[in-house]
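S.K.: Below are the sequence and a predicted model for it; my questions follow.
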There are 2 protein chains.
Amino acid sequence: MKAAIVVIDGIGDRPLKKLGSKTPLEAARRRNLDYIASRAINGLLYPVAPGIRPGSDTAHLSILGYDALSSYTGRGPFEAAGAGIKVKPGDIALRCNFATVDDNLVVLDRRAGRKIPQEEKEVLEKVINEIELEEAEIIFKSTLDHRGALVLRGKNLSDRISDTDPHVEGERIKKAAPLDKSKEAEKTCEILNEVITTAHKKLKTLEINKKREKEGKKQINMLLTRGAGKAPAYQSFSEKYNMKGACIATVALVKGVGRFVGLEGIEVKDDASITELGEAALKTLEKYDFVLLNIKACDDASHDKNPERKIAAIEEIDSMLRIFLEFIGENYLVLLGDHTTSCSRGDHCAEPTPIAIAGPEVRVDDARKFTEREAAKGALGHIRGSEVMPILIDLLNRSEKFGA
Amino acid sequence: MKAAIVVIDGIGDRPLKKLGSKTPLEAARRRNLDYIASRAINGLLYPVAPGIRPGSDTAHLSILGYDALSSYTGRGPFEAAGAGIKVKPGDIALRCNFATVDDNLVVLDRRAGRKIPQEEKEVLEKVINEIELEEAEIIFKSTLDHRGALVLRGKNLSDRISDTDPHVEGERIKKAAPLDKSKEAEKTCEILNEVITTAHKKLKTLEINKKREKEGKKQINMLLTRGAGKAPAYQSFSEKYNMKGACIATVALVKGVGRFVGLEGIEVKDDASITELGEAALKTLEKYDFVLLNIKACDDASHDKNPERKIAAIEEIDSMLRIFLEFIGENYLVLLGDHTTSCSRGDHCAEPTPIAIAGPEVRVDDARKFTEREAAKGALGHIRGSEVMPILIDLLNRSEKFGA
């Protein structure tokens, strides 16, 4: 038996007046979603806990069975993992911008013109990775546009350090300063400040900057850092559940969470269609015991406050799910949202999202629709993100007995 | 958007044979309660946790989002706050009686005749507050009849100290003794014992006692203390939720909880009618973002084992709620009980109480009545007191995101 969790990102919503007090999910045509719900045990999922408004990272961590409330230190480590860095427990991960500063280190452009050509990015990445320090290893990856992820790896480092990014233009860059009185924070600041100084020296003499000057482009002569986070020590997914698992996502942060906990990252195009994503998930299950598939479209539409586009995305997902109908005869499929995203608020909310677990031996209940309010009638009741995997692992007959 | 929590104190009950196995709430006429429930998301509320039989203080603390299970040290600090003392974290608060003792410090009357005229109370209050010690500040307030609240304020004090009140008449007063081996407890006992000795010396020579002797009244010559509690360090309501909040209550202990967490205490007459209380709450919401209104009548009737009076109180509250119907078009109204109070047991019980959250964007569910058993069908499921404020804050679009 295999298992798939299809995360319909941001699927839940609040009732909207313009939809006659229905939610987009209630208003959408749901042929396969309802079919699956009617063959499932249904419930409502608090991704983290009641009243907690989750981010994508904390929600996915919880759904994969990791205790975000006690372990989350910020998005840094997951973004770094999403960028392709093999982040290890204890690593300090920072989010970075390449920026333009003047001779007095005053920030002229926090994004150094934003778009940076791929060949320049490769040079920049090489330059930062060549920085050698005694106290820590420096690992850097360029990501989208002017952005990047920086990892400091060494003994006794701390994430209790301030940003070097002044967050506004026209101000001088800041020195990283300890946020507590620990030796670790002091040491980490020294390391980071040396990285920044060295990076600045190396960057300003680069050939690509001479070329940019000629072209009238902004200099890429500073690395700004923010949001330091210490990578938590998680048991890997395969150890925790004794299953070979994979993750499919188009969003870097979700990819990062998957890689961070040791799920194999299955490559898909950033603009893969919902059908292509579904097919990739089923294909992955030929080789893996477990797959988590994240489908982002509903969340994007909700952030844009566009319920019509959200409904269209739901209907596209609904059509795609046809290819999973055979799968649930022998295997387990979990449909859920990682959080509610309100089209009126344009952001994540704390309301629970529907969850349906379909498969050969679930206690099929009376819920006949995959909607927020029908799910409330399901036999699963209200559960939390961190309870999903234990429930699923047990349905797969893979759980350890607690007691005798 | 604003929010009101109307605490219908002790509203829940157990089914009563004499009501045909209905609860008082089920037996009452509920026009507005049911109307609000039918426009709300409903559920059952464990004020603290399943199986925990809450007091009014622990229930209100939980409902306001403070973790009573880990922080509660007794009612002392809340009673002192209710008496009007500005209690600070670390303060040791004690409940007190003025009492009559003989020359051997044997207690003749634990209440010194119970009723004490206002002018005498003022003298007594002054005398205790004039006690000066090197190690701690002494703050005292007279409350109802012979009762009072005493606060010891100083560094490194402990509430692990025994009562000086022998709790029975005919016994000698006790010396406060440490309940653990800490220096703090020892020091606090020394301070308290000195307060008691000094108070006794000062009280017995008071003019008012000479007058009482002539009138054949009992001497007020001793202060008995009990229930020492160290004031917990709570984040203030306004800091925690970034809202300007107020509390309306006729009960001193609930007033005290409100003041303790930094809610503005709105003055109402002790015998304010239910209509007056409701009107005061709506008026308060003109100036504040949030109000908690406690209505005590149902609880009083339940403690008196009087279901008929409880039904009458419910129906009076039901009528009053008419003035909130417009409010829920644009704002959030939470109806809940702080605990179940059983008319057969005559005391608080652990059963959950109905909760209804009405307002512009809630997922209105199928529950059509505000009763214990209808609430069980609501889409909110079973929640805990400490989850109420996070859920409400999120509906108000004021919650912080956890993660990215």
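M.R.: Cool, got the structure. Numbers count the residues shown, from 1 in each chain, chains lettered A, B, ... in the order given.
S.K.: who's residue A:153 bridged to?
M.R.: residue A:137 (DSSP bridges).
S.K.: mind listing what residue A:269 touches?
M.R.: The contact partners of residue A:269, by Cβ atoms under 8 Å, 6 or more residues apart in numbering or on different chains, come to A:250, A:276. In short, each C-beta sits where N, CA and C put it, glycine included.
S.K.: Chain B contacts on the stretch 201-350 of chain A?
M.R.: By the rule Cβ under 8 Å from any Cβ of the partner chain, the part of the stretch 201-350 of chain A lying against chain B is A:253, A:342, A:344-345, A:347-350.
S.K.: tell me which element residue A:247 is part of?
M.R.: With elements delineated by DSSP states H and E, residue A:247 resides in strand A:245-248, which encompasses its position.
S.K.: That strand pairs with which strands, and in what direction?
M.R.: According to DSSP bridges, strand A:245-248 forms sheet pairs with strand A:264-265 (parallel), strand A:290-295 (parallel).
S.K.: Just the C-alphas of that strand, formatted as PDB.
M.R.: C-alpha atoms of strand A:245-248 as PDB (Å, rounded to 0.1, in the frame of the first residue of the first chain):
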ATOM      1  CA  GLY A 245       9.000   9.500   0.400                       C
ATOM      2  CA  ALA A 246       9.000  12.200  -2.200                       C
ATOM      3  CA  CYS A 247       7.800  15.700  -2.600                       C
ATOM      4  CA  ILE A 248       6.500  17.600  -5.600                       C
END
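S.K.: Would you indicate which residues of it are buried?
M.R.: Judged by neighbour count using 16 or more other Cβ atoms under 10 Å in any protein chain shown, the buried positions of strand A:245-248 are A:245-248.
S.K.: ditto for stretch A:228-242
M.R.: Of the residues in stretch A:228-242, those buried by neighbour count under the rule 16+ other Cβ under 10 Å are A:228-232, A:234, A:237-238, A:240-241.
S.K.: Stretch A:343-351 now?
M.R.: When neighbours are counted by 16+ other Cβ under 10 Å, the buried residues of stretch A:343-351 are found to be A:343-345, A:347-351.
S.K.: measure the residue lying farthest from the centre of chain A to residue A:207 for me?
M.R.: Residue distances from the centre of chain A (Cα atoms, centre = their mean) peak at residue A:214, which lies 39.0 Å from the mean C-alpha position. In this view, residue A:214 and residue A:207 are 11 Å apart by Cβ to Cβ, to the nearest Å.
S.K.: try residue A:404
M.R.: Between residue A:404 and residue A:207 the distance, using Cβ to Cβ, works out to 70 Å.
S.K.: again with residue A:259
M.R.: The spacing between residue A:259 and residue A:207, counted by Cβ to Cβ, is 33 Å.
S.K.: Looking at the two, which one has more neighbours?
M.R.: Set side by side, residue A:259 and residue A:207 show unequal neighbour counts under other Cβ atoms under 10 Å in any protein chain shown, the larger going to residue A:259 at 22 against 9.
S.K.: Okay, and the closest residue to that one other than its chain neighbours sits in which element?
M.R.: Here the nearest residue to residue A:259 in space, its sequence neighbours aside, is residue A:81; by Cβ to Cβ, 6 or more residues apart in numbering or on different chains that works out to 4.5 Å. Assigned by DSSP H and E, residue A:81 belongs to helix A:76-83.
S.K.: name the helices or strands packed onto whatever helix or strand comes next after that helix?
M.R.: Helices and strands here follow DSSP H and E; after helix A:76-83, the next one along the chain is strand A:92-101. The helices and strands touching strand A:92-101, judged by 3 or more Cβ pairs under 8 Å, 6 or more residues apart in numbering or on different chains; DSSP states H and E, are helix A:76-83, strand A:107-109, strand A:147-153, helix A:183-204, strand A:222-230.
S.K.: The residue farthest from the centre of chain A and residue A:220, how far apart?
M.R.: Using Cβ to Cβ, we find residue A:214 at a distance of 14 Å from residue A:220.
S.K.: try residue A:244
M.R.: 41 Å.
S.K.: Residue A:338 now?
M.R.: Computed with Cβ to Cβ, the distance linking residue A:338 and residue A:220 is 35 Å.
S.K.: rewinding a little: state the pair within the buried residues of stretch A:343-351 that is farthest apart.
M.R.: Within the buried residues of stretch A:343-351, two members stand farthest from each other by Cβ to Cβ: A:343 and A:350, at 15.6 Å.
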